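Undergrad: Pasting the sequence and the predicted model now:
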Amino acid sequence: MYKRKQVFLGRGHESCFLWGARQAGKSTLLKSLFPDSPRYDLLLSDEYRRLSTRPALLREELLARPPGARPVVIDEVQKIPGLLDEVQWLAVNHRVQFILCGSSARKLKRGGANLLGGRALRYELFPLVHPEIPEFDLLRALNNGLIPRHYRAEHPRGLLEAYVGDYLKEEIAAEALTRNIPAFGRFLETAAFSNGEIVNYQNIAAECGVSAPTVKQYFQILEDTLIGRMVPSFQKRPKRRVIMAPRFYYFDVGLASFLLKRGKVAPRSEAFGKAFEHFIYQELTAHSHYSGLHYPIAYWRTASQLEVDFILGDHEVAVEVKGSEQVAAHHLTGLKAFREEYKTKYSIVVSLDAKPRIIDGITILPWQSFLRKLWAGEIVSA
């Protein structure tokens with residue numbers, strides 16, 4: 001079992017939501033952290049039937065249990081929005097603490113469901129990250145992805161194919177998030193070509209045979225179901241003309257590789273560079289949440305094609321990712337241009353270099369060193 005970095009910082013006695021994409025490991029984590037807690041798993045058909053028919057059963061059963069400090073776990077809570085009224089009543093009137101777990105708040109929000117009036121804390125679980133995996137294998141991560149079951153697999157393609165199929169069937173069709181499932185299926189593959197790239201809604205719409213507003217709606221579904229994220233453009237007081245459109249990343253590098261039909265990702269290939277950048281983005285996103293710092297992540301690109309992959313916080317840290325074994329001076333152009341406009345605490349190139357170096361005040365770090373420093377709080381701190 002992996003020792004996950006999500007430890008519910010600052011939870012205290014408050015109830016909380018734990019969101020995460022399917023198979024990220026939410027149920028496994030909650031079983032390990034709260035092994036003796038009362039548990040309601042709404043993926044079980046009999047549990048779902050009885051509570052969807054009569055949500056008051058939750059209240060009646062929990063009031064009958066002996067008083068105790070253990071939180072109550074409800075898995076896949078989005079499947080029965082009506083339970084949240086009972087949850088709030090129990091939390092307010094009897095101080096029952098809940099851990100509410102799910103893969104999407106979209107159905108709850110769209111149905112006007114009770115999200116506990118801001119009383120519940122929000123946490124998120126991501127795919128595996130570097131410090132959670134003993135004897136971490138970079139090529140395995142880039143090819144298999146970091147969904148726990150996929151990372152371990154010797155032949156992950158079938159699992160990835162099933163994942164996409166289950167997502168379409170269970171998350172999209174079953175929850176009626178869109179009526180045109182075939183078009184959405186085409187969109188998933190087309191959107192993969194925007195992975196790590198600036199999003200052009202018109203071009204994607206033309207490829208999918210739907211309108212640009214529909215494509216925007218589809219991207220929103222990916223965000224709401226935690227399958228993808230937009231990375232905004234850094235636009236604070238720009239001196240140069242900058243690109244305004246966001247970039248997009250799927251939540252897992254293996255899923256993106258599968259949808260792109262990349263084949264095997266090998267060192268020194270173009271696919272390696274793209275996947276390596278995606279992997280570093282996953283680590284940054286997870287660290288931002290797990291550390292409790294919640295620093296924003298943006299990218300910077302000018303109309304003249306100067307670019308920095310990731311800007312962390314309010315331009316405190318600028319990070320460029322290069323799948324190169326020896327970073328050269330021409331790789332630093334974007335970081336140097338960014339430093340001309342903004343004062344940074346650290347300007348870093350993450351690469352395959354064997355040892356750390358400094359060129360013109362810019363630190364080149366082997367990816368292992370960068371991740372060790374990141375998770376030790378040496379790159380971004382409070």
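TA: Noted; the coordinates are in hand.

Undergrad: CA atoms for contacts and neighbours, from now on please.
TA: Noted.

Undergrad: Can you give me the domain assignment for the protein?
TA: 16-124, 130-375 (automatic domain parsing).

Undergrad: want to throw those domains into TSV with mean pLDDT and mean neighbour count?
TA: TSV is the format used below for the domains of the chain (pLDDT from 0 to 100; neighbours: other C-alpha atoms under 10 Å):
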stretch	mean pLDDT	mean neighbour count
domain 16-124	87	17
domain 130-375	92	18
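
Undergrad: Including distance to Ala382, could these go into a markdown table?
TA: Formatted as a markdown table, those follow (distance: least, C-alpha to C-alpha, whole Å):
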| stretch | distance to Ala382 |
| --- | --- |
| domain 16-124 | 19 |
| domain 130-375 | 7 |
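
Undergrad: Among those, which comes closest to Lys3?
TA: domain 130-375 (5.6 Å; C-alpha to C-alpha).

Undergrad: that older thread, looking at the domains of the chain, which is closest to Gln6?
TA: domain 130-375 (5.5 Å).

Undergrad: how long is that closest one end to end?
TA: By C-alpha to C-alpha, to the nearest Å, the extent of domain 130-375 from end to end equals 9 Å.

Undergrad: if I pick the spatially most central residue of the chain, what's in contact with it?
TA: By C-alpha atoms, centre = their mean, the chain has its centre lying nearest to Phe251, at 4.6 Å. Each residue near Phe251 by C-alpha atoms under 8 Å, 6 or more residues apart in numbering is listed here: Phe126, Pro127, Leu226, Ile227, Gly228, Arg229, Gln282.

Undergrad: For those residues, work out which two are farthest apart.
TA: Pro127 and Arg229 (13.7 Å).

Undergrad: Please enumerate the strands of the stretch 151-300 of the chain.
TA: According to DSSP state E, counting those that start in this stretch, the stretch 151-300 of the chain carries its strands in the segments 228-231, 247-250, 297-301.

Undergrad: can the ones you listed go into a markdown table with extra columns for distance to Ser257?
TA: A markdown table is the format used below for the strands of the stretch 151-300 of the chain (distance: least, C-alpha to C-alpha, whole Å):
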| stretch | distance to Ser257 |
| --- | --- |
| strand 228-231 | 14 |
| strand 247-250 | 10 |
| strand 297-301 | 21 |
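
Undergrad: that older thread, what's the distance between the residue nearest to the centre of the chain and Gly145?
TA: The value you get for Phe251 to Gly145, if C-alpha to C-alpha is used, is 10 Å.

Undergrad: for Ala354, same thing?
TA: For Ala354 relative to Gly145 (C-alpha to C-alpha), the value is 24 Å.

Undergrad: Then Arg229?
TA: With C-alpha to C-alpha as the criterion, Arg229 and Gly145 are 16 Å apart.

Undergrad: can you check Ile280 too?
TA: From Ile280 over to Gly145 the distance is 12 Å, taken as C-alpha to C-alpha.

Undergrad: looking at the sheet around the nearest residue in space to Lys322 that is not next to it in sequence, what are its partners?
TA: Spatial nearest neighbour of Lys322, excluding adjacent residues (C-alpha to C-alpha, 6 or more residues apart in numbering): Ser351 at 5.0 Å. On the basis of DSSP bridges, Ser351 is bridged to Pro366.

Undergrad: Now tell me what touches the lengthiest helix in the chain from outside.
TA: Scanning the chain for the longest helix, with DSSP state H as the assignment, gives helix 270-290. Here helix 270-290 makes contact (C-alpha under 8 Å, 6+ apart) with 5-7, 9, 123-126, 129-130, 142, 196, 249, 251-253, 257, 262, 265-266, 294-297, 310, 321-323, 371, 374-375.

Undergrad: relative to strand 297-301, how tilted is that helix?
TA: Interaxial angle, helix 270-290 versus strand 297-301 (axes from the mean of the first three to the mean of the last three C-alpha atoms, to 10 degrees): 140 degrees.

Undergrad: and helix 270-290, how far out from the chain's middle?
TA: 10 Å (C-alpha atoms, centre = their mean, to the nearest Å).

Undergrad: repeat for stretch 231-238
TA: 21 Å.

Undergrad: With only the CA atoms kept, save that stretch in PDB.
TA: The C-alpha coordinates for stretch 231-238 follow below in PDB (Å, rounded to 0.1, in the frame of the first residue of the first chain):
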ATOM      1  CA  VAL A 231      -3.900  26.400 -16.400                       C
ATOM      2  CA  PRO A 232      -4.400  30.100 -16.700                       C
ATOM      3  CA  SER A 233      -2.100  32.600 -18.400                       C
ATOM      4  CA  PHE A 234       0.000  34.700 -16.000                       C
ATOM      5  CA  GLN A 235      -1.200  38.300 -16.900                       C
ATOM      6  CA  LYS A 236      -0.100  40.500 -14.000                       C
ATOM      7  CA  ARG A 237       0.900  43.900 -15.300                       C
ATOM      8  CA  PRO A 238       2.500  42.600 -18.500                       C
END
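
Undergrad: Show me the contact partners of that stretch.
TA: Contact with stretch 231-238 is made by 242-249, 297-301, 311, 341, as judged by C-alpha under 8 Å, 6+ apart.

Undergrad: Quick one: residues contacting Arg247.
TA: Arg247 neighbours (C-alpha under 8 Å, 6+ apart): Ser194, Asn195, Gly196, Glu197, Ile198, Val199, Met230, Val231, Pro232, Ser233, Tyr299.

Undergrad: want to throw these into JSON lines with distance to Gly334?
TA: JSON lines is the format used below for these (distance: C-alpha to C-alpha, whole Å):
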{"residue": "Ser194", "distance to Gly334": "21"}
{"residue": "Asn195", "distance to Gly334": "20"}
{"residue": "Gly196", "distance to Gly334": "17"}
{"residue": "Glu197", "distance to Gly334": "16"}
{"residue": "Ile198", "distance to Gly334": "17"}
{"residue": "Val199", "distance to Gly334": "20"}
{"residue": "Met230", "distance to Gly334": "21"}
{"residue": "Val231", "distance to Gly334": "18"}
{"residue": "Pro232", "distance to Gly334": "17"}
{"residue": "Ser233", "distance to Gly334": "14"}
{"residue": "Tyr299", "distance to Gly334": "11"}
